[in-house]
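Q: Sequence and predicted structure below; questions after.
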Amino acid sequence: MNDNFLYTSRPPVRKEFADHLYQHLCETNPERDQQGPGEWKNRKIIKWNYALISIVIIFLLLFTFSDDVRAFADRIIQNVAGFFVEERTNSPMDEIEQTTPGVGSGAPFSEITEVFIPAISLEDLVANPPFQFELPSYLPEGFELQRDDIAKSGDWVSIVWEKQNAEIVMLVEQSCPVLPVGPDSTEEIVINGNSALLIRGWWGENHVWDPTRGLEIHWNKSNLHYRLIYSQRTIANRTIEPISGDIDQLVKELIQIAESVP
Amino acid sequence: MNMKTNLTATLHTDMVVEEIDWGEVYEHFLPRIFHFMCYKVGNIQLAEDLTATTFEKAWANREKFRKNRGEVQAWLIGIARHVVFDYYRKPYHEVDLVEAIDVPDSSVVVEETVQHQQDFKKISQLLTKYLDRDRELIALKYGAEMTNREIAKFTGLSESNVGTILHRVVTNLRLEWKEKE
C-alpha cells in the first residue's frame, strides 16, 4: 500500500512552537522541569538516594533502641515461586491479641468479633459465580463435598471436602495477599509445568508455627489465585491437630488435585 | 484455623513503575500529537493550540501517571482525543472542518513550508468527504503513527477491521490525490 503521501503531506512541527511550548511547560512545573530532560532523572535519583539513606539511619537507630522494630525485622517478606510470603516467628493472631484491648491473656474467646460469612448452596454458586473458576476433577477417595461450607464473596470462593477428621479447603481468589508463614516452611513445587508454592505447617498452640499442622499449595491460573489447604481436626471440638500419616504422600495427592483443575 | 476470615488480609506490593524521562516523552511525542491534531482538525494553527492544550493537561497530571513507558502513547493520545472532543463540544469554538482548512496560517514563511501547507490543505479537503471513523483511523495511523494493533486496542475495532478500513480509505485517497495533482 503506497501511503507515503500521507506522511509527506503532514506539516512539520515549527521549532518556534515546540520550544515555546516546552518553555511554557517548564515554567508551569518549575521544580522538576527547569533542568534538561536527562537531569530530571538524575535529580530524582539523588533525591531518592538521600531518602533511602535517611530511612536506613532512622531504622538502625530504632532497631537499636526499640523492641517493636526488632520484632518487625524478624519478619522477612520473600518471593517464593512468585508468591509473597512473610516469615514470622509468631502468628498474626498473636499480634492482634496483644494489641487489641480486651483480647489476649485472660480474655474469654467469645469477646473476639467473628466475621460471619453466610454459606450458600452449590446451586447458587453455580448459577451466580462471582467470577469464572474451575473445580478439580480428581479428589482422593472418601472425600465428600460439604454443602454447608460453600461460601463466596465478590472476589473469592471457598469450597470444602471432608473425610472423617481430614479436611481439604479450596480457595479461589482474584488476588493473592502476602502469606504469613513460619520459618523455613515454604518450598517451590511444580504444578502442570508451572511454579507453585508448598507451605508445610500452621500456627499451633501459643501461636508457634508447627510444621505438622497443615499443608497448603498455592498456584496461579488464568489470573486467579488457587489454594488448597489440607488439615486434620479433632472430632470432638474441630480444633486443628498435627497430621497423622505420610505427609509426603499427602503432598502428592494435593498436587494431583491441583493438576486436575483444568 | 478459619481460613475464610483470613481472606480479608490483603497486603499488596506496589506496582513497579519505570522511571519516565518526560523531556524525552515531549521530544518523541510532540510531532505525533501535532500530526494527529492536524489530521483531526485540518488546520495547522488550531492543531498547535490543541497540541499545546494536550501537553498542558498531560504535564499537569504526569505525577499521577503510574503506568509504564510503553503506555505513555495511549495515555497521551487519549488526552488528545478528549481535547479535540471538548473543543468541538463547546458551541463558541465550533469550526466547520471545511472552513477551518481555509483559515490562513500566519506561521508559514519558508517556501518549503508553503508546499507542506498546500499539500496538507489538499489532503485535509479530501478527508472531509470521509466518515469520522475513517478520519480518526487516518489520524491515529499517519498522525500519531500507531500500529494497526495499537489502533485496534485503542478503538475497540479488530486488527483486521482496522487494516481493511485503512486500506480502503488510503487507496481512495491516493486516487483522489493523483487526480488533484
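A: Everything's here; your move. What you are looking at is a predicted structure, and each value in this text was computed from that prediction instead of being measured.

Q: so where's chain B shaky on pLDDT?
A: For chain B, applying pLDDT under 70 flags the ranges B:1-19, B:66-70, B:90-113, B:180-181.

Q: please redo it, this time with the cut-off set to 50
A: Counting by pLDDT under 50, chain B shows low-confidence ranges at B:1-17, B:93-108.

Q: Indicate the residue of it located nearest to chain A.
A: Taking Cβ to the nearest Cβ, chain A has its nearest neighbour within chain B at residue B:23, 2.0 Å off. (Each C-beta comes from the backbone N, C-alpha and C, glycine too.)

Q: any idea whether that residue is helix, strand or coil?
A: What DSSP: H, G, I helix; E, B strand; the rest coil gives for residue B:23 is helix.

Q: And the residue positioned nearest the centre of chain B, how close does it get to residue B:47?
A: Residue closest to the average C-alpha location in chain B (Cα atoms, centre = their mean): residue B:36, at 4.1 Å. Applying Cβ to Cβ, to the nearest Å, the value for residue B:36 to residue B:47 is 8 Å.

Q: hang on, the earlier thing: right, and the residue nearest to the centre of chain B touches residue B:140 too?
A: Yes: the pair residue B:36 / residue B:140 is scored as a contact, 6.9 Å apart, by Cβ atoms under 8 Å.

Q: what do the two both touch?
A: Overlap of the contact sets of residue B:36 and residue B:140 (by Cβ atoms under 8 Å, 6 or more residues apart in numbering or on different chains) consists of residue B:77.

Q: residues contacting residue 79?
A: Picking chain A for this. Taking Cβ under 8 Å, 6+ apart, we find residue A:79 in contact with residue A:85.

Q: hmm, I had chain B in mind actually
A: Applying Cβ under 8 Å, 6+ apart, the residues near residue B:79 are B:54, B:57-58.

Q: Can you tell me the element it falls in?
A: helix B:72-89 (DSSP states H and E).

Q: Show me how far that helix is from its chain's centre.
A: Relative to its parent chain, helix B:72-89 has a centroid offset of 7 Å by Cα atoms, centre = their mean, to the nearest Å.

Q: What of stretch A:138-147?
A: 26 Å.

Q: right, is it up against chain B?
A: No: using Cβ under 8 Å from any Cβ of the partner chain, stretch A:138-147 stays clear of chain B, coming no nearer than 12.6 Å.

Q: re the thing from before, kindly indicate which of the contacts of residue B:79 lies nearest residue A:52.
A: Within the contacts of residue B:79, the smallest distance to residue A:52 is 29.0 Å, found for residue B:58 (Cβ to Cβ).

Q: Now do that closest one against residue B:75, distance only.
A: Separation of residue B:58 from residue B:75 (Cβ to Cβ): 7 Å.

Q: Quick one: list the elements packing against the longest helix along chain B.
A: For chain B, the helix reaching the highest residue count under DSSP state H is reported as helix B:159-180. Where contact means 3 or more Cβ pairs under 8 Å, 6 or more residues apart in numbering or on different chains; DSSP states H and E, helix B:159-180 is packed against helix A:4-8, helix B:111-127, helix B:132-138, helix B:148-155.

Q: what angle sits between the helix or strand containing residue B:59 and helix B:72-89?
A: Element membership of residue B:59 [criterion: DSSP H and E] is helix B:44-61. Following axes from the mean of the first three to the mean of the last three Cα atoms, to 10 degrees, one obtains 120 degrees for the angle between helix B:44-61 and helix B:72-89.

Q: Helix B:44-61 and chain A, are they touching?
A: Yes: contact of helix B:44-61 with chain A (Cβ under 8 Å from any Cβ) involves B:44, B:47-48, B:51-52, B:55-56, B:59-60.

Q: In stretch B:161-181, which residues are buried?
A: By neighbour count with 16 or more other Cβ atoms under 10 Å in any protein chain shown, stretch B:161-181 contains the buried residues B:162-163, B:165-166, B:169-170, B:173-174, B:177.

Q: outside of it, which residues touch it?
A: A:1-3, A:5-6, B:122-123, B:126-127, B:130, B:133-134, B:137-138, B:141, B:148, B:151-152, B:155, B:157.

Q: Show me how to select, in ChimeraX, the buried members of those residues.
A: Buried members of the contacts of stretch B:161-181, defined by 16+ other Cβ under 10 Å, are picked up in ChimeraX with:
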select /A:3,5,6 /B:122,123,126,127,130,134,137,138,141,148,151,152,157
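
Q: list the helices and strands the helix or strand harbouring residue A:258 packs on?
A: Using DSSP H and E, residue A:258 falls within helix A:247-259. For helix A:247-259, the elements it packs on are strand A:186-191, strand A:194-203, strand A:209-221, strand A:224-233, judged by 3+ Cβ pairs under 8 Å, 6+ apart.

Q: partners of the first one in the sheet?
A: Using DSSP bridges, the neighbouring strands of strand A:186-191 in the sheet come out as strand A:194-203 (antiparallel).

Q: Tell me the buried residues in the partner strand?
A: A:196-203.

Q: Tabulate those residues (a markdown table), appending pLDDT and distance to residue A:163.
A: Formatted as a markdown table, the buried residues of strand A:194-203 follow (pLDDT from 0 to 100; distance: Cβ to Cβ, whole Å):
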| residue | pLDDT | distance to residue A:163 |
| --- | --- | --- |
| A:196 | 94 | 23 |
| A:197 | 95 | 24 |
| A:198 | 95 | 21 |
| A:199 | 95 | 21 |
| A:200 | 94 | 20 |
| A:201 | 92 | 21 |
| A:202 | 89 | 19 |
| A:203 | 83 | 23 |
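
Q: from those residues, which is closest to chain B?
A: Of all the buried residues of strand A:194-203, chain B sits closest to residue A:202, with 5.9 Å by Cβ to the nearest Cβ.

Q: Now for the closest one: which residues touch it?
A: A:209-210, A:213-214, A:231, A:240, B:1.

Q: Kindly report the same for residue A:179.
A: Shown in contact with residue A:179 (Cβ under 8 Å, 6+ apart): A:83-86, A:197, A:199, A:218.

Q: Give me the buried entries from those residues.
A: Among those, those that count as buried by neighbour count (16+ other Cβ under 10 Å) are A:83-85, A:197, A:199, A:218.

Q: Which members of those residues define the maximum pairwise distance?
A: A:84 and A:199 (12.5 Å).

Q: Which of the three states applies to the residue nearest the centre of chain A?
A: For chain A, the residue nearest the mean C-alpha position is residue A:177 (2.2 Å; Cα atoms, centre = their mean). Following three-state DSSP, the label given to residue A:177 is coil.

Q: Backbone torsions only: list them for it.
A: Phi and psi for residue A:177, reported as degrees, to the nearest 10, are phi -80, psi 170.

Q: do the same with the one 5 residues further on
A: Taking degrees, to the nearest 10, you get phi -80, psi 170 for the backbone angles of residue A:182.

Q: Got the domain ranges for chain A?
A: Following automatic domain parsing, chain A resolves into domains at A:15-67, A:120-259.
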